[in-house]
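Engineer: Okay, structure incoming, though there's no sequence with it:
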C-alpha cells in the first residue's frame, strides 16, 4: 500500500496521465496487435528495423501516440498506484499478484538479495578501476557460479533431448513457419532430474526461480559496485525495506525517506520493459540458443553498456553543465545545429510523440529540484532547452524529450553519481529481460536472420609469394 507521505508524487503522475490521454486517442495499431500467421510479411530496414520476430503479451509501445503498456496496464496507472515488486511479478506472471502471492514473491527477493559470497568474489577484482557496467556484468557471472550448477563438471546438457530443438545445424534458409509449442523447455523434468536434490543447494540457471534471483541479485550487485567504487564495503540488505528502498540503502548507506523511495520505485517501473530494444533482443538471442538466463542477462547488460542504448542520461547532464546558464541555451543550440550535432535526450527511435516516461520524470525532476540548488539550476537549463528545441524544430518534426532527458536530473537530486545511471537502468530492465526470455522460450526458435551478400564471386586463390 502506498504511503500518505507520497501522495504528492502520485498526484503528479496522475496529472501527467491526464495530459497524455487528452493528447491521444485510444485506438491501438491494428496491424501490430493481433496474432501472427506465419510466415509474416513486413517491411524491414537496416538493423532489422521493422522486423517481426515473435508474438508477446508482455509489453506494447505505440510510438506515434506515446503509449507504453505492460501486460495491458497503462504505464501511468502502474507508476501512480503500483510498486516495482508488483510490476516485476506482473511482467513475469501475466497478472497482478494477490496479497499472498506478492508476499511470497517479496520473500524470494529478500532471500536472493543476500549474496555475501558473490560480493566477496567481486571485491577480489579491481572494481574501482572498472567501468561500472563491466563490473555489473562480472557480478552477474559470479552470481551464476555461486547459485547454479551450470558451471560444475558434472553438469552437461542432455544433447539427445536437445537435438530436436532449433539448433543451428537445421537448415534455416527456408522460410521459418514456427511451432505450436516449445520443442525443448528449460524447466522440463528430464533436464532437472539429475540435480533434484543437489547437496550444495544449487539450482538450474534457467527458469522462473532464476528470474527472481536475477531481479534481486542484479540490484545487490549494482549497489555493491557503487559502494566499492566509493571506497566502502558492500552492505547487507535490510529485510524490512522494499526493493527500491533497499537498493538506495545498499548503494548509499542511508535508509531513504518514503518520498525518495517512491521516486526510485517509479523510476524502476518506467524502465522495466520497452519492447524488443537492443538489450532485450540481445538477451533473447542468447537464450534462444538454449544458453541460460544469467548469460542472457549478461548479454543484455553488455548491450546496455553501449552509448547508443544506455548512458544517454549521463550525457544529458554533461550537456546541461556545458551549457552552464539559461542565457546560453539558445547560442549553444545554434552552434550544435550548425555542426549538425545530436542533442542528447531528444528524439527516439520509436516515439514520434512525447515519451510517456519523460512525461512522468519531468514533473518528478521539478519536484525534487526544489530542494537542491544544483538540481534547480540544471532543471531550469533543461526546461529552457526543451522550449528552444520545440520552437526551433517545430511540432512537425516530432522531436520531444525522451526518458533520458529528465532521469539524470532525478537521480542527481537523489545524490546518485552519474556513472551509476546506466547500472540503475539494468537494475530495472532485468525484470523485462527475464520476462521476455521466459516467454520466448515457450515457443523457442533460434534467431537466424540472413545477410544480403554483396561481395565478389569466382576469385582465384594466389599463393602468398605471388600476392602484392
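Structural biologist: Nice, thanks for sending it over. Note that the coordinates shown come from a computational prediction; the quantities given were computed from them, not determined experimentally. Numbering: from 1, shown residues only.

Engineer: which stretches of the chain have low pLDDT?
Structural biologist: 1-4, 149-204, 394-396 (pLDDT under 70).

Engineer: Could I get the full set of strands for it?
Structural biologist: For the chain, the strands defined by DSSP state E occupy 59-62, 67-70, 73-74.

Engineer: can you put those in CSV and add mean neighbour count?
Structural biologist: Quick note: C-beta positions are derived from backbone N, CA and C, even for glycine. What follows is the strands of the chain, written out as CSV (neighbours: other CB atoms under 10 Å):
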stretch, mean neighbour count
strand 59-62, 20
strand 67-70, 22
strand 73-74, 16
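
Engineer: With residue 234 as the reference, name the closest of the ones you listed.
Structural biologist: Residue 234 lies closest, by CB to CB, to one member of those: strand 67-70, at 31.0 Å.

Engineer: ok, and what's touching the closest one?
Structural biologist: 24, 28, 58-62, 74-75, 78, 87, 90-91, 272-274, 356-357 (CB atoms under 8 Å, 6 or more residues apart in numbering).

Engineer: go with 6 Å
Structural biologist: With contacts defined as CB atoms under 6 Å, 6 or more residues apart in numbering, strand 67-70 is touched by 59, 60, 61, 75, 273, 356.

Engineer: Same check on stretch 221-234?
Structural biologist: 119, 127-128, 132, 135-136, 139, 247, 250-251, 420, 423, 427.

Engineer: to the chain's geometric centre, what's the distance from it?
Structural biologist: Taking CA atoms, centre = their mean, to the nearest Å, one finds stretch 221-234 lying 21 Å from the centre of the chain it belongs to.

Engineer: so how far is residue 352 from residue 213?
Structural biologist: 38 Å (CB to CB, to the nearest Å).

Engineer: These two - which one has more neighbours?
Structural biologist: residue 213 (26 against 15; other CB atoms under 10 Å).

Engineer: I'd guessed the more buried one sits against residue 114; true?
Structural biologist: No: between residue 213 and residue 114 there is no contact under CB atoms under 6 Å: 11.1 Å.

Engineer: residues contacting residue 255?
Structural biologist: Counted by CB under 6 Å, 6+ apart, residue 255 has contacts residue 249.

Engineer: Quick check on it: phi, psi?
Structural biologist: phi -80, psi 120 (degrees, to the nearest 10).

Engineer: Now residue 372. Nearest residue, chain neighbours left out?
Structural biologist: residue 413 (4.8 Å; CB to CB, 6 or more residues apart in numbering).

Engineer: surely that neighbour meets residue 368?
Structural biologist: Yes: between residue 413 and residue 368 there is a contact under CB under 6 Å: 3.8 Å.

Engineer: distance between the ends of stretch 289-297?
Structural biologist: 14 Å (CA to CA, to the nearest Å).

Engineer: hang on, the earlier thing: which PyMOL command selects the buried ones in the contacts of stretch 221-234?
Structural biologist: Those of the contacts of stretch 221-234 that count as buried under 16 or more other CB atoms under 10 Å are selected in PyMOL with:
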select buried, resi 119+127+132+135+136+139+247+250+251+420+423+427
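
Engineer: Please tabulate the contacts of stretch 221-234 in CSV, including the columns distance to residue 332.
Structural biologist: As requested, the contacts of stretch 221-234 are arranged in CSV below (distance: CB to CB, whole Å):
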residue, distance to residue 332
119, 43
127, 36
128, 34
132, 28
135, 34
136, 33
139, 38
247, 35
250, 38
251, 32
420, 26
423, 29
427, 32
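
Engineer: Between the contacts of stretch 221-234, which sits nearest residue 299?
Structural biologist: Looking across the contacts of stretch 221-234 and measuring by CB to CB, the closest to residue 299 is residue 136, at 12.7 Å.

Engineer: separation between that closest one and residue 124?
Structural biologist: Residue 136 is 16 Å from residue 124, by CB to CB.

Engineer: what does residue 107 give?
Structural biologist: Taking CB to CB, one finds residue 107 at 30 Å from residue 124.

Engineer: more crowded one of the two?
Structural biologist: For residue 107 versus residue 124, neighbours defined as other CB under 10 Å are more numerous around residue 107 (12 against 8).

Engineer: Please name the residues that touch residue 264.
Structural biologist: 244, 248.

Engineer: should've said residue 420
Structural biologist: Contacts of residue 420 (CB under 6 Å, 6+ apart): residue 226.

Engineer: rerun that using 8 Å as the cut-off
Structural biologist: Neighbours of residue 420 in contact, by CB under 8 Å, 6+ apart: 132, 222, 225, 226, 251, 411.
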